[in-house]
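Visitor: only geometry, no sequence info:
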């Protein structure tokens, strides 16, 4: 939905600026900084069934590069909005909106969240008790882990699950949901500090692939193979995981981030000997794309939110405080956050603080 003006209302005591800034894709390329530009536009007004949200935090995903490279929708022609998820405050509501109020915290998935303000259909706004970045983790990242393990992995108690990039935004949830299902969980990561983070999530066997050979560890410690692989790295990691599947094992391709920055996307290819292995062991490879499961989003979010509310799931958030430039703030910080993600240094869900907190009433 485009962010156009319309008839709407906003709170009398919540003054809005005359303009706002957003990041748009102005050129199709996998080089994010070259693809995007910042626009300053007149303030928006919600239509009758819409809400206007002041985005407080937006989530960063490896697939943001796929969007700006034009890989998801051939109809995408620059300029177009980018960003997939946000949490913020409602600052304006349409005349027909009854279930969402001005001042309410909401989270949502809607294209265009790399923006200070955004209009969206009120039905897409999910109320949250507080505006905190942790709620972002339960959207794209959390739902990807939850639904892919259920629908594609069909994980069962007692199985062994291998999660690649396990300390990342989506991997952290795959580790926890596999553990909650009664599985033995292996997680790959790139540093000892990330290995400790994985242990805090309940990961049974963190593997720092910078200091240990993943293939050798799996061959020695898991000679029977692994039942399910949650794979999002691609490249050599994909081939190692594929060779390590147990009979009737399932490998879920969440993505192949190692190839996203190539001019021609470097998707994994199956080698002849690997194909024979698939046949001999009756293993399977399944792709997962979150937007193909939109009819299950609300159920998945509710399931995760209940776990988060009672402390049964942890949400690691990385706001960039350990990056060279410090915490990621404002629309400008989104470009720095993408660079940081691809440096391999991020831990947990990567988030940018788009707007500062609203002043407390009376101040």
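Guide: Structure received. None of these values were measured; they are calculated from a predicted model.
Visitor: pLDDT weak spots in the stretch 1-150 of the chain?
Guide: In the predicted model of the stretch 1-150 of the chain, residues 1-14 satisfy pLDDT under 70.
Visitor: do the same with the stretch 151-300 of the chain
Guide: In the stretch 151-300 of the chain, residues with pLDDT under 70: 261, 263-267.
Visitor: what about 80?
Guide: Within the stretch 151-300 of the chain, the stretches with pLDDT under 80 are 258-269.
Visitor: quick one: the strands in it?
Guide: In the stretch 151-300 of the chain, the strands defined using DSSP state E, counting those that start in this stretch lie at 160-163, 184-189, 205-208, 226-231, 245-253, 284-287.
Visitor: just the buried positions in the fifth one, please.
Guide: Counting neighbours by 16 or more other CB atoms under 10 Å, one finds that the buried residues in strand 245-253 are 245-246, 249-253. Glycine gets a C-beta too; all of them are placed from N, C-alpha and C.
Visitor: let me have the residues you listed in TSV, extended by distance to residue 39.
Guide: Below are those laid out as TSV (distance: CB to CB, whole Å):
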residue	distance to residue 39
245	47
246	51
249	48
250	44
251	41
252	37
253	35
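Visitor: and which of the residues you listed is nearest to residue 184?
Guide: Nearest to residue 184 among these: residue 246, at 11.8 Å, using CB to CB.
Visitor: didn't the closest one look like it was pressed against residue 223?
Guide: No. Because the distance of 9.8 Å does not satisfy CB atoms under 8 Å, residue 246 is recorded as not touching residue 223.
Visitor: count the residues that sit near residue 156.
Guide: Residue 156 has 11 neighbours, counted by other CB atoms under 10 Å.
Visitor: need the phi and psi values for it.
Guide: Backbone torsions of residue 156, given as degrees, to the nearest 10, read phi -130, psi 150.
Visitor: need the contact list for it.
Guide: With contact set as CB atoms under 8 Å, 6 or more residues apart in numbering, residue 156 has these partners: 181-183, 227.
Visitor: how far away is it from residue 225?
Guide: Computed as CB to CB, to the nearest Å, the residue 156 to residue 225 distance reads 15 Å.
Visitor: can you tell me what sits against stretch 194-209?
Guide: Here stretch 194-209 has contacts from 163, 166-167, 172, 175-176, 179, 184-192, 214, 217, 221, 237, 314, 316, 347-348, using CB under 8 Å, 6+ apart.
Visitor: repeat for stretch 279-295
Guide: Here stretch 279-295 makes contact (CB under 8 Å, 6+ apart) with 140, 143-144, 147-148, 151-152, 225, 242, 245-254, 270, 277-278.
Visitor: quick revisit: are any of the contacts of residue 156 buried, and which?
Guide: Buried among the contacts of residue 156 by 16+ other CB under 10 Å: 181, 183, 227.
Visitor: mind putting those residues into JSON lines with distance to residue 88?
Guide: Converted to JSON lines, the buried ones among the contacts of residue 156 look like this (distance: CB to CB, whole Å):
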{"residue": "181", "distance to residue 88": "33"}
{"residue": "183", "distance to residue 88": "35"}
{"residue": "227", "distance to residue 88": "40"}
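Visitor: which one of the residues you listed is nearest to residue 298?
Guide: For these, the nearest to residue 298 is residue 181 (21.2 Å; CB to CB).
Visitor: contact partners for that closest one?
Guide: By CB under 8 Å, 6+ apart, the contact set of residue 181 is 149, 155-157.
Visitor: re earlier: in a markdown table: the contacts of residue 156, plus distance to residue 327.
Guide: A markdown table is the format used below for the contacts of residue 156 (distance: CB to CB, whole Å):
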| residue | distance to residue 327 |
| --- | --- |
| 181 | 35 |
| 182 | 38 |
| 183 | 35 |
| 227 | 40 |
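Visitor: want to throw the strands of the stretch 151-300 of the chain into TSV with distance to residue 101?
Guide: Converted to TSV, the strands of the stretch 151-300 of the chain look like this (distance: least, CB to CB, whole Å):
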stretch	distance to residue 101
strand 160-163	39
strand 184-189	41
strand 205-208	44
strand 226-231	39
strand 245-253	40
strand 284-287	40
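Visitor: before we move on, the earlier item: mind checking which of the contacts of stretch 194-209 are buried?
Guide: Here, 16+ other CB under 10 Å leaves 163, 166-167, 172, 175-176, 179, 184-190, 214, 217, 237, 314, 316, 347-348 buried among these.
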